[in-house]
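K.L.:
Give me a 3D structure for the following:
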Amino acid sequence: MSGKIKHTPTNEVHVLRADGKTGCGCDPRKNSSHWIKVGSGSKVTCDKNGCK
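P.N.:
Prediction:
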């Protein structure tokens, strides 16, 4: 599982790593209703290390 994922409350797109966490270390499994998988054409908008 890797690609890009969007945090709906903040509307930020993050990198999704193979271990299931975002590039910046968030765990989308904790509040899965706040996250949606987005297409590879979506631009990453998170500025934190690991995502940018």
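
K.L.:
Spit out the contact partners of residue 45.
P.N.:
With contacts defined as Cβ atoms under 8 Å, 6 or more residues apart in numbering, the neighbours of residue 45 are 11-13. All C-beta atoms are positioned from the backbone trio N, CA, C, and that covers glycine.

K.L.:
Can you tell me which of the residues you listed lies closest to residue 4?
P.N.:
For the contacts of residue 45, the minimum distance to residue 4 (Cβ to Cβ) is 5.6 Å, reached by residue 13.

K.L.:
thinking residue 5 is in contact with residue 12, fair?
P.N.:
No. Under the criterion of Cβ atoms under 8 Å, residue 5 makes no contact with residue 12, lying 9.6 Å away.

K.L.:
Could you check which of these two is surrounded by more residues?
P.N.:
Comparing residue 5 with residue 12 by other Cβ atoms under 10 Å, the one with more neighbours is residue 5, at 25 against 18.

K.L.:
Is the more buried one in a helix, a strand, or coil?
P.N.:
strand (DSSP: H, G, I helix; E, B strand; the rest coil).
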